[in-house]
Every structure is written in C-alpha cells, then in structure tokens.
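In: Got a predicted structure plus its sequence, pasted below:
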Amino acid sequence: MAIETIKWVRGRIRIIDQTKLPNKFEYIYCRDLETLWQAIKRLSVRGAPAIGVAAAFGVLLGIQGFKGKDKLKFLDLFYKTCGYLATSRPTAVNLFNMLNEMRDVVAHNPNADVGSLKKLLFKKAMAIFKADQDVCRRMGEHGAKLVKNAMQCLTICNAGALATVDYGTALGVFYSAKKQGKNFSVYSCETRPLLQGARLTCWELLREKIDTTLICDNMAASLMACGQVDIIFTGADRIASNGDTANKIGTYMLAVLAKHHGIPFYIVAPRSSFDLAIKSGKRIPIEERKSEEVTHFAGVAVAPRGVKVYNPAFDVTPAKLITGIVTEYGIIRPPYMKNIKGMIG
Ligand code: MRU
C-alpha cells in the first residue's frame, strides 16, 4: 500500500496533507498541539480512525515539553491537552475513545511518577497506531467475503488508507478482495461539498489498480435503478448501541435508495467507532461546517453572496436500513442491539 497517512517521527506527527490531494502530495509536520488541532479541523488529517490516532499522538505532543517531576502540574497539562484535542471535531467517536484510552493509562497507574507516565503514554499511543493497522486488515478479510466476481460496488466519502493509519475500512474490503484475486468494480460518489470521494477515494483506488468510476452524488439513484450497483460499503464515524450509524453526509440517502432497490448496504467500522454509551443515533452530535465549503468551489464562488447555507458534515443512517456491520471480529447482523453487545460489548 505504502500510504502512511499518519506517523510519529522523532517527536513530531507527520501527516499527509489531504486538503492538497490529488494534485499535490505533501506532508505536514506537527510539532505543537495548535498545528495538529488546526490540521484536524481543516481536514488535513481526517477519517474517524485516523483522527483517533492523531488524538493519541497529540497527547504526546502536548506533554513532551514538560520538564521536571511535579506530578500535579504534569497531570494538569495532560488533562488540558486531552480536553483541547476533544474540541477539534465532534462526530467521530474514535477521537474521544482514543483520548479515553490515554486517560485510562494515567488512571490505572496512580503511583507512577512523571517519567514513567510519559513512557507509558508513549507506549499506549504506539499501541493505538499499530492496532489500527491490524484491525483494518481483519475487517478487510471479513468484508472481502461479501465481494463476488463481477460485482459492481459503491462507496461514499473516503474510508480508505487515508482515513486510517494505512489500509482503510470500506476500501480495505476492496484491497483484501483484490488480493484474493477477485474481479469487481467500484463506483465512488464524489461526496460534496469537500469531494473526499473524488479527490481521495479515486486517488487511492487508482493507485491500487482497482476498476473505479467516479459519479456525482445525485447519480446514485439512477445507477441503482439501472441495476448497476450490487453492493454498498461505507465507513462510520459513530455507531450507537442500536446500530444507528453516523457517516459522511449522503450516506443515509444511499441507504434509503439501497433499501428501495433491494441492494445490500454494509457499514465497515472497527470497535473504536462504536459508542455504546448512547442508545440511538438521535444522541450523535453532528458537526456543522462553515458555509464557504458549500458556496465556494476551489476558492471560486458558485452561489450568490449572502445566501443562507446549511452544511452538516454527517448524517445518521437508521439501523433498520443496514444489512450488516463489518468489524474486526466479524460481521454483525440484526438485531443490532443484541448482536453488537454480543460481538463487541
Ligand atoms: O469529514 P471526514 O472526511 O472526516 O469524514 C469521514 C467519513 O465520513 C468517513 O466515512 C468515516 O470517518 C469513516 S473512515 C474509515
């Protein structure tokens, strides 16, 4: 694959600047917390699992300059760092789950001194990084069983290597199916307004020589009606305990269409994308982003100045529209409340 979306490199976080793709491949080196926070906010690093890893590494950035042995002062800095990172984006629960994993390190080692805590937190962040590589490959293996020869698949946004450490969730299914020698093709929805599908998914899939066709989001219904879509795979930003799933805006629309046309609709997401503290999707906070993302295209206005804009970045697909959820442990099928608990709870 050789796409290294995020990496800890000698005290800095190196990320691929996804706002520049596909025209330029550039790294950003985050040496301080503010640079990382801005990179998450403007989607230079994006995708739920990648944001989770960024948060864990962000904690290391926040504490690495701490000098001395005063544990109270260290803990004050540590918790402030976690709190600050948590304000970068609200929907992907991976961010909060990974910050909680870092907080647990401190909570479970009450007698550790500052030096030991720093080492333990470093070890934890590296484990989070490695776990993402591993779970994506496991999800890929499970999901690839659903891909048959000659299938025409459809996806939205980017749930690929660029949304994780280096492999992907929904796109990981395609990478694993390709490795198994299966022949299939993929429709990538462009994903307005920020075009993660056109810019990122197409870039990734073409690199892997997967037969890929770009469509505008509003072409999906007509494709399905013509029998040109056999199966749909998307990622997730937060899955409630009843299976309701938040993902990139437009996902719900695809799920409704899939139901109408009798097309299987799968979510591919790791344990770290589940929020078992909430009962349903009604409690998922949906990020609203600035109006310029809709009124402008590549810096050029495409709408009259002053028009009102609504720009939610995510929508929630009700569990009843989801055929299955592919996780690192296997595929969860309805009834979700019971089966999510059984597989990952
Ligand atoms: O706003 P983004 O680009 O961060 O949104 C990303 C998505 O919606 C992805 O589908 C989701 O995070 C899953 S990525 C494996």
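Out: Sure, I can see it.
In: where does Arg226 fall, phi/psi-wise?
Out: Just to correct that, residue 226 is Cys rather than Arg. phi -90, psi 0 (degrees, to the nearest 10).
In: So which bits of this protein are right by the ligand?
Out: Within the chain, the positions lying close to the ligand (Cβ under 6 Å from any ligand atom) are 43, 46-49, 92, 157, 159, 163-164, 169, 196, 235-237, 247-248, 313. Just so you know, the C-beta spots here come from the backbone N, C-alpha and C atoms, and that holds for glycine as well.
In: from the chain's centre, how far out does stretch 279-295 sit?
Out: Relative to the chain's own centre, stretch 279-295 is displaced by 15 Å; criterion: Cα atoms, centre = their mean, to the nearest Å.
In: Just the ones of the residues of the chain next to the ligand in strands?
Out: 247-248 (DSSP state E).
In: For the residue of the stretch 201-345 of the chain found nearest the ligand, which non-adjacent residue is closest in space?
Out: Per Cβ to the nearest ligand atom, Gly235 is where the stretch 201-345 of the chain lies closest to the ligand, at 2.6 Å. Of all residues not flanking Gly235 in the chain, Ala159 sits nearest, at 2.9 Å (Cβ to Cβ, 6 or more residues apart in numbering).
In: surely that neighbour meets Leu171?
Out: Yes. Counting by Cβ atoms under 8 Å, Ala159 sits close enough to Leu171 to count as a contact (5.8 Å).
In: Find residues that contact each of these two.
Out: Shared contacts of Ala159 and Leu171 (Cβ atoms under 8 Å, 6 or more residues apart in numbering): Thr201.
In: what about these two, which has more around it?
Out: Ala159 (34 against 31; other Cβ atoms under 10 Å).
In: Pull the contacting residues for the more buried one.
Out: Contact analysis of Ala159 by Cβ under 8 Å, 6+ apart lists 47, 168-171, 201, 233-235, 268.
In: which residues of the stretch 201-345 of the chain fall in helices?
Out: In the stretch 201-345 of the chain, the helices defined using DSSP state H, counting those that start in this stretch lie at 202-207, 220-225, 251-261, 292-295, 336-344.
In: For Ser280, find the nearest of the ones you listed.
Out: Ranking the helices of the stretch 201-345 of the chain by proximity to Ser280 (Cβ to Cβ) places helix 336-344 first, at 9.6 Å.
In: Against which helices or strands is that closest one packed?
Out: For helix 336-344, the packing partners by 3 or more Cβ pairs under 8 Å, 6 or more residues apart in numbering; DSSP states H and E come out as strand 324-327, strand 330-332.
In: Tabulate the ones you listed (a markdown table), appending mean pLDDT and distance to Lys69.
Out: Shown next, in a markdown table, are the helices and strands packed on helix 336-344 (pLDDT from 0 to 100; distance: least, Cβ to Cβ, whole Å):
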| stretch | mean pLDDT | distance to Lys69 |
| --- | --- | --- |
| strand 324-327 | 98 | 42 |
| strand 330-332 | 98 | 47 |
